[in-house]
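Engineer: here is the input, now give the coordinates:
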Amino acid sequence: MTGAAEPLSSEDLLSQILTSLEEDKAEEVVSIDLRGKSEMADYMVVCSGRSTRQVAAISEKLVERLKTDHGRLSKVEGKEAGDWVLIDTGDIIVHVFRPEVREFYQLEKMWMTSPGAARTPVQPG
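Structural biologist: Numbering: from 1, shown residues only. This next block holds a predicted model:
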């Protein structure tokens, strides 16, 4: 841990997550603002990896960076299969999909149809 004395705000944590995903070449990254719409998290991030190996690698690196850099432990589901990995950081839920699985579930579309939901596609930097 690099000595982050104060916990990250949801916005700072989101920024760290988006940076990690960009560094690991996650594709079609979308963040959805859930504040005031759901009690489960402040934000949801949905992205894709090109293969099961990349999905697993993106997920592993994100969890490790959050733990090492910020002392943030995350709950992880689905890493073994590599089709859809869910990472729960507490304030932010990250879904990393293989493209075919993402298309099948259309998770972000479900959240985008809720009134007032804000979707922010992340542009490559």
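
Engineer: alpha carbons only for contacts and neighbour counts from here, please
Structural biologist: OK.

Engineer: longest helix anywhere in this structure?
Structural biologist: Determined from DSSP state H, the single longest helix within the chain is helix 52-70.

Engineer: right, and the helix or strand after that helix?
Structural biologist: Next in sequence after helix 52-70, counting helices and strands by DSSP states H and E, comes strand 75-77.

Engineer: residues making contact with that next one?
Structural biologist: 85-89 (CA atoms under 8 Å, 6 or more residues apart in numbering).

Engineer: what's the closest of the residues you listed to V96?
Structural biologist: V85 (5.1 Å; CA to CA).

Engineer: which element is the closest one on?
Structural biologist: strand 84-88.

Engineer: quick one: low-confidence residue ranges for the protein.
Structural biologist: For the chain, applying pLDDT under 70 flags the ranges 1-6, 113-125.

Engineer: who's in contact with the most centrally placed residue in it?
Structural biologist: For the chain, the residue nearest the mean C-alpha position is V94 (2.5 Å; CA atoms, centre = their mean). Contacts for V94 (CA under 8 Å, 6+ apart) come out as 44-47, 86-88.

Engineer: now which of these would you call buried?
Structural biologist: Buried subset of the contacts of V94 (neighbour count, 16 or more other CA atoms under 10 Å): 44-47, 86-88.

Engineer: what is the most widely separated pair among these?
Structural biologist: Farthest pair in these, by CA to CA: C47 and D88, 14.3 Å.

Engineer: redo the contacts of V94 as CSV? Include distance to P99.
Structural biologist: Shown next, in CSV, are these (distance: CA to CA, whole Å):
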residue, distance to P99
M44, 17
V45, 15
V46, 11
C47, 9
L86, 15
I87, 17
D88, 20
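
Engineer: which one of those sits closest to L62?
Structural biologist: I87 (8.8 Å).
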